[in-house]
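>>> predicted coordinates and the sequence they were generated for:
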Amino acid sequence: MSFSIGQNFRLTVYGQSHAAAIGVIIDGLPAGINFPHQAIQSALERRRPGKQTWTSRRSESDLFEIKSGIVAGKTCGAPICLEIVNHDKRSKDYAQHDHLPRPSHADYPAYVKYQGHHDIRGGGHFSGRMTAPIVMAGSLANNLLIEEGIHINSHIYAISDIKDQTIDPVQPDLDSLAQVKEKNFPVLNDDQGLAMQAAILAAKEEKDSVGGQVETVVTGLPVGLGQPLYDSCEAKLAHAMFGIPAIRGIEFGTGFAASLMRGSQHNDPYYLDTDQTIKTSTNHHGGVIGGLTTGMPLIMRVAIKPTSSIGQSQQTVNLDQSCHQELTIQGRHDPCIVPRVVPVIESMTAICLLDLLIMAGKFPV
């Protein structure tokens, strides 16, 4: 199914932006695993809309309910079903889009594919609202990875042309990265964060939007994780990331900049650490070579487009009358979705890595 992902740690999301509820069904975990209720709720709070001036005014509490699979705080072996009820819906804001497709939204291709039967309200199942179920499943996966000494941390790498503080790709400051999770605006350098917020609010004042990038760092991974050719570590992560709305690109390590380097510059020399562990003195490869993890920090950056729903008048086509028409989008939309995508990317990363660990027999499931 196109709404399912994972081979061993498997999940299926369900619902639409303005449906009665959204949720996720998780399969593949044995009985007796502690259920991290608070960790999941905390991650949902990081993603939740309506909290800051740079987020949508849609106000959802995103308090989740356990529908099945958990007994007395532990997994019972049955599929786990977690659900969030949608409360703050304004479906009337989307009435015109059944015949006036919004530029850079899925409205038009969905209209053709589903012959007009798709759910246009809030973007239906194409909406970023559908990332909340991913956060629930990913937080559960992340909790299991932490128990194995694997840590996933992300921060805003850039918004528009404003960049956050760079990290050391060989020895990242894990304490600083971990502190980002506690911030309302997830950056390492708060001054740069203020500049980013100013850029977001300036775009909002002009009824426009901005995009950016999120950088993720994973430490504690074993050597050799991944299944080349097509279940390689990068392939699994890239496939999953493009299931997040608004993602437009992904790179590992030095990424596209590697194409401008010589091999003598890009190659990472090996050496023996004091404990005889083999490491590399640089990390241009970003922790993955040949689709396999190397034991170095996994470094990944994801590009997020500017929010498609903007307040400026735009050109579209009236599907009912087959003519050009001006469109002004109504409703509540983020002038920049980058800050809210950070926990989503962490969650999707956790889902993929847990699945790979189970696949490799390196996780006790």
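Received, thanks.
>>> that's a strand at residue 217, yeah?
Yes: using DSSP: H, G, I helix; E, B strand; the rest coil, the assignment for residue 217 is a strand.
>>> so what's it bridging to?
Here residue 217 sits in beta bridges with residue 153, residue 299, going by DSSP bridges.
>>> report the contact partners of it.
By Cβ atoms under 8 Å, 6 or more residues apart in numbering, the contact set of residue 217 is 152-154, 167, 172, 177, 297-299. Glycine gets a C-beta too; all of them are placed from N, C-alpha and C.
>>> can you pick out the most distant pair from these?
Distances among the contacts of residue 217 were taken as Cβ to Cβ; the most separated pair is 152 and 167, at 13.7 Å.
>>> so between those two, which is more surrounded?
Higher neighbour count among residue 152 and residue 167: residue 152, with 24 against 20, using other Cβ atoms under 10 Å.
>>> quick one: the helices in the protein?
Ranges of helices in the chain, per DSSP state H, are 37-47, 107-113, 131-147, 174-180, 190-205, 233-241, 263-266, 338-359.
>>> hang on, the earlier thing: let me have the contacts of residue 217 in JSON lines, extended by distance to residue 307.
Shown next, in JSON lines, are the contacts of residue 217 (distance: Cβ to Cβ, whole Å):
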{"residue": "152", "distance to residue 307": "25"}
{"residue": "153", "distance to residue 307": "25"}
{"residue": "154", "distance to residue 307": "19"}
{"residue": "167", "distance to residue 307": "26"}
{"residue": "172", "distance to residue 307": "29"}
{"residue": "177", "distance to residue 307": "26"}
{"residue": "297", "distance to residue 307": "31"}
{"residue": "298", "distance to residue 307": "28"}
{"residue": "299", "distance to residue 307": "26"}
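>>> for those residues, which one is nearest residue 117?
Once Cβ to Cβ is applied, the member of those that ends up nearest residue 117 is residue 154, at 36.7 Å.
>>> closest one to residue 216 among the helices of the chain?
Per Cβ to Cβ, nearest to residue 216 of these: helix 338-359, 5.7 Å.
>>> which other helices and strands does that closest one contact?
For helix 338-359, the packing partners by 3 or more Cβ pairs under 8 Å, 6 or more residues apart in numbering; DSSP states H and E come out as helix 37-47, helix 131-147, strand 151-159, strand 212-219, helix 233-241, strand 298-304.
>>> who's in contact with the last one?
This means strand 298-304. So strand 298-304 is contacted by 157, 167, 169, 211-219, 221, 233, 237, 241, 246-253, 255, 283, 286-288, 337-338, 341, 345, 349 (Cβ under 8 Å, 6+ apart).
>>> quick one: low-confidence ranges for this protein?
Within the chain, the ranges that satisfy pLDDT under 70 run 1, 50-59, 88-91, 93, 364-365.
>>> if we ignore the residues flanking it in sequence, what's nearest the residue lying farthest from the centre of the chain?
Distance from the C-alpha centroid of the chain, by Cα atoms, centre = their mean, peaks at residue 321 (38.0 Å). Nearest residue to residue 321, sequence neighbours excluded (Cβ to Cβ, 6 or more residues apart in numbering): residue 99, at 7.9 Å.
>>> the one you found and residue 322 touch, don't they?
No: the criterion here is Cβ atoms under 8 Å, and residue 99 misses it with residue 322 at 10.4 Å.
>>> more neighbours: these two, which one.
More crowded of residue 99 and residue 322, by other Cβ under 10 Å: residue 99, with 17 against 7.
>>> residues touching the closest residue to residue 229 other than its chain neighbours, list them.
Of all residues not flanking residue 229 in the chain, residue 291 sits nearest, at 6.9 Å (Cβ to Cβ, 6+ apart). By Cβ under 8 Å, 6+ apart, residue 291 lies in contact with 226-229, 232-235.
>>> mind redoing it with 10 Å?
Applying Cβ atoms under 10 Å, 6 or more residues apart in numbering, we find residue 291 in contact with 225-236.
>>> check residue 342 too.
Residues near residue 342 by Cβ under 10 Å, 6+ apart: 46-47, 153-156, 180-181, 183, 185-187, 214-216, 302, 304.
>>> for residue 169, give me its contacts.
Here residue 169 is in contact with 215, 217, 253-254, 268, 280, 282-287, 296-299 (criterion: Cβ under 10 Å, 6+ apart).
>>> show me the contacts for residue 349.
Contacts of residue 349 by Cβ under 10 Å, 6+ apart are 138, 141-142, 145, 152-154, 216-218, 236-237, 240-241, 298, 300, 302.
>>> make it 6 Å
Listed by Cβ atoms under 6 Å, 6 or more residues apart in numbering, the contact set of residue 349 reads 152, 216.
>>> so who does the nearest residue to residue 247 once chain neighbours are set aside touch?
Using Cβ to Cβ, 6+ apart and skipping residues adjacent in sequence, the residue nearest residue 247 is residue 241, 5.3 Å away. Going by Cβ under 6 Å, 6+ apart, residue 241 touches 247, 250, 302.
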